[in-house]
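Novice: Next input, structure requested:
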Amino acid sequence: MIVNTAPSDGGVTGNIYYKKNFLTNSLQIRGVLTANNAQNFAGSPTSLYSIMGILPTTYWPVSLEVPFIATYAFSNLIKDDVGVAWIKQINGALNNAGQIGINWLRPDVAIADYIIQFNVILPLD
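Specialist: Residues are numbered from 1 along each chain as shown. Here you go, the predicted structure:
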């Protein structure tokens, strides 16, 4: 799945790959996404999940939401938008409507863009 959001929504670009394991009824999703306009994300603590794409129906989980963690590519750490804490990871989730959401965070003003990566196996039951 190709991800390409408007600059006002962070200008996120990249790819998300997914594969269902029918024996275990689980879903592997992996991706590398670049937030090219990271300063356009909502500031803390009002950051929201942004939908990065919608999977076909047979890939939707039964649960209301299945969370996962994304980490910064290259093990970089960046400060949050108020310059108080180092951000080590970003929350993500797959909901029961097949939407892949990422809780993008606005970084410190000195950071224009950043990259996240994830490779997770999520239960669909």
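Novice: and Ala73, what is it in contact with?
Specialist: By C-beta atoms under 8 Å, 6 or more residues apart in numbering, the contact list for Ala73 reads 32, 114-117. Every C-beta, even on glycine, is put in place using the N, C-alpha and C of the backbone.
Novice: Tell me which residue is most central in this structure.
Specialist: The residue lying closest to the centre of the chain (C-alpha atoms, centre = their mean) is Ile102, at 3.0 Å.
Novice: Quick check: bridge partners of that residue?
Specialist: Beta-bridge pairing of Ile102 under DSSP bridges involves Ser50, Gly92.
Novice: Go ahead and confirm it touches Gly92.
Specialist: Yes - the criterion here is C-beta atoms under 8 Å, and Ile102 meets it with Gly92 at 4.9 Å.
Novice: what's the overlap in contacts for those two?
Specialist: Shared contacts of Ile102 and Gly92, counting by C-beta under 8 Å, 6+ apart, come down to Ala70.
Novice: now the strands for this protein?
Specialist: Along the chain, the stretches classed as strands by DSSP state E are 2-4, 12-21, 26-35, 50-54, 65-72, 78-79, 86-87, 89-95, 99-102, 114-123.
Novice: Compare the mean pLDDT across the ones you listed and name the weakest.
Specialist: Mean pLDDT is lowest for strand 86-87 among the strands of the chain, at a mean of 80.
Novice: Direction included, what does that one pair against?
Specialist: Assessed with DSSP bridges, strand 86-87 is paired to strand 78-79 (antiparallel).
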